[in-house]
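Trainee: Give me a model of this one.
(chains A and B)
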2 protein chains.
Amino acid sequence: MKYGVVAFPSKKLQDLANSYRKRYDPHYALITPHMTLKGVFEANDNEIEELSKKIRKVTDQHNPFKLQTTSFSSFAPVTNAIYFKVVPTDDLVKLHEDLHKESLGSETEYAFVPHITIAQKMASGEHDDIYAQVRMIGVDHEEMIDRLHLLYQLEDGSWTVYETFRLNGAENQFDFS
Amino acid sequence: MKYGVVAFPSKKLQDLANSYRKRYDPHYALITPHMTLKGVFEANDNEIEELSKKIRKVTDQHNPFKLQTTSFSSFAPVTNAIYFKVVPTDDLVKLHEDLHKESLGSETEYAFVPHITIAQKMASGEHDDIYAQVRMIGVDHEEMIDRLHLLYQLEDGSWTVYETFRLNGAENQFDFS
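Mentor: This next block holds a predicted model:
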């Protein structure tokens, strides 16, 4: 099965993202708006329990982090995807790094550019039109993220949640058990 | 915000349900196949943390339960919805009951008929046609459910997971803390 680890932002930011995704993102119906922390990886049913424990070990070491968006950005010309750019704070980069340690499989393939996709898989002309429109407006938003979710993918491409992990490093810092 | 508590069955059963939902369920894109344990209720951001704790108290007292489907059934003529009928075992009925105790708000409005919806909001003619087709075949499936999920609804009607609760009563039965 295919798995991934994401953070779902607040309802407010998800609603804003969906107002674009509805029109410009063919994945709109497959998953609600999210920031990917660990991209798609393969695991079988046995492996996933083990992986789930390892992810919990990581999230137990991390505090809730600030998710701050400032502007729209685009991955073009690599791929015609437009997104809310998320500020790569030290906390966020470290969390991503820890979710890609050796024991958690798969080296990270790309540089980590934290983002919430709002449009993708468009022709270049459409991409350029939309990007020209949105790059003039800001996405000035800030919130705390206190949990991650491990998802798996169904045959039709949609994603279901398998497990929720609280970022409760603060609670655990005096727990040496 | 609107919240609900559901169990997502295994990928196998979800894929089967989606093969029908794709064609016959307008909620297909809003949520993956599920069995509802606590129907839609309203709560604000402060209430939900409190509710979440109360739900955890319930799930901590319950063991994983067997989800067994045997056949298709329909809520017609009350509503034109077709579903996988889930056997209402004692464990499942007790879990549903505990999720509707006074402190968890809202009395349960209807008798509990555990089910996984695969078709709904059809005209009566279409309903009767589809139901005539599927009622001849069984849905002979059995699996263990070891977690519930608390979801909330976005403006576009889609559902995002807020929290996952393990049913780990067995682990906690000697924990009197």
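
Trainee: Now do the residue nearest to A:Met122 when sequence neighbours are not counted, the pLDDT please.
Mentor: The spatial neighbour of A:Met122 that comes closest, neighbours along the chain excluded (CB to CB, 6 or more residues apart in numbering or on different chains), is A:Asn80 at 4.9 Å. C-betas here are computed from N, CA, C, even on glycine. pLDDT, A:Asn80: 96.

Trainee: again with the one 10 residues further on
Mentor: A:Asp90 is assigned 96 on the pLDDT scale.

Trainee: Who are the contact partners of it?
Mentor: Applying CB atoms under 8 Å, 6 or more residues apart in numbering or on different chains to A:Asp90 gives no contacts.

Trainee: The closest residue to A:Met1 other than its chain neighbours: neighbour count?
Mentor: Closest residue in space to A:Met1, ignoring its immediate chain neighbours: A:Tyr152 at 5.0 Å, by CB to CB, 6+ apart. Residues near A:Tyr152, counting by other CB atoms under 10 Å in any protein chain shown, number 21.

Trainee: A:Tyr152 and A:Tyr162 touch, don't they?
Mentor: Yes: taking CB atoms under 8 Å as the definition, A:Tyr152 is a contact partner of A:Tyr162 at 5.3 Å.

Trainee: Pull up the overlap in contacts between these two.
Mentor: A:3, A:48.

Trainee: What strands line up against the longest strand along chain A, and which way round?
Mentor: Using DSSP state E, we find that the single longest strand of chain A is strand A:65-74. Sheet neighbours of strand A:65-74, with direction, are listed as strand A:82-86 (antiparallel), strand A:138-145 (antiparallel) (DSSP bridges).

Trainee: Show me where chain A dips below the pLDDT cut-off.
Mentor: A:106-109, A:170-177 (pLDDT under 70).

Trainee: what does it put close to chain B?
Mentor: A:1, A:8, A:11, A:14-15, A:18, A:22, A:28-29, A:32, A:147, A:149, A:152, A:154-156, A:158-164 (CB under 8 Å from any CB of the partner chain).

Trainee: Which members of the residues you listed are classed as buried?
Mentor: Those of the residues of chain A next to chain B that meet the buried threshold are A:8, A:11, A:14, A:18, A:28-29, A:32, A:147, A:149, A:152, A:154, A:156, A:158-164, by 16 or more other CB atoms under 10 Å in any protein chain shown.

Trainee: For A:Pro26, see how far away A:Thr117 is.
Mentor: As defined by CB to CB, to the nearest Å, A:Thr117 lies at a distance of 11 Å from A:Pro26.

Trainee: If you count surrounding residues, which of the two has more?
Mentor: Neighbour totals were compared for A:Thr117 and A:Pro26, and A:Thr117 leads with 21 against 12 (other CB under 10 Å).

Trainee: Give me the distance between the closest residue to that one other than its chain neighbours and A:Phe8.
Mentor: Excluding its sequence neighbours, the residue lying closest to A:Thr117 (CB to CB, 6+ apart) is A:Tyr83, at 4.8 Å. Going from A:Tyr83 to A:Phe8 by CB to CB gives 15 Å.

Trainee: Kindly report the same for A:Asp90.
Mentor: 22 Å.

Trainee: do A:His27 as well
Mentor: 14 Å.

Trainee: Just give me the neighbour total for A:Arg166.
Mentor: Using other CB under 10 Å, A:Arg166 is surrounded by 17 other residues.

Trainee: quick one, phi/psi of A:Phe112?
Mentor: Torsion angles at A:Phe112 (phi, psi; degrees, to the nearest 10) stand at phi -80, psi 110.

Trainee: brain fart, A:Asp60
Mentor: The phi/psi pair for A:Asp60 (degrees, to the nearest 10) is phi -70, psi -20.

Trainee: Check the contact between it and A:Asn168; I expect there is one.
Mentor: Yes: when contacts are counted by CB under 8 Å, A:Asp60 is listed as touching A:Asn168 (6.5 Å).

Trainee: How are the helices of chain A distributed by residue range?
Mentor: Assigned by DSSP state H, chain A shows helices spanning A:11-24, A:45-59, A:90-98, A:124-134, A:169-172.

Trainee: show me what contacts A:Asp128?
Mentor: A:Ala76.

Trainee: quick one: A:Asp156 from A:Lys38, how far?
Mentor: From A:Asp156 to A:Lys38 the distance is 22 Å (CB to CB).

Trainee: if we can go back for a sec, so who does the residue nearest to A:Met1 touch?
Mentor: By CB under 8 Å, 6+ apart, the neighbours of A:Tyr152 are A:1-3, A:48, A:159-160, A:162, B:11.

Trainee: Who does it form a beta bridge with?
Mentor: Listed beta-bridge partners, A:Tyr152: A:Tyr3, A:Thr160 (assigned using DSSP bridges).

Trainee: what about A:Glu143, how many neighbours?
Mentor: 14.

Trainee: Tell me if I'm right that it and A:Phe65 touch.
Mentor: No: using CB under 8 Å, A:Glu143 is not in contact with A:Phe65, being 10.1 Å away.

Trainee: Now render the helices of chain A as a markdown table, adding distance to B:Ala123.
Mentor: Below are the helices of chain A laid out as a markdown table (distance: least, CB to CB, whole Å):
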| stretch | distance to B:Ala123 |
| --- | --- |
| helix A:11-24 | 27 |
| helix A:45-59 | 40 |
| helix A:90-98 | 49 |
| helix A:124-134 | 37 |
| helix A:169-172 | 53 |
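
Trainee: mind checking which of these is nearest B:Gln133?
Mentor: Closest to B:Gln133 of the helices of chain A is helix A:45-59 (CB to CB; 32.0 Å).
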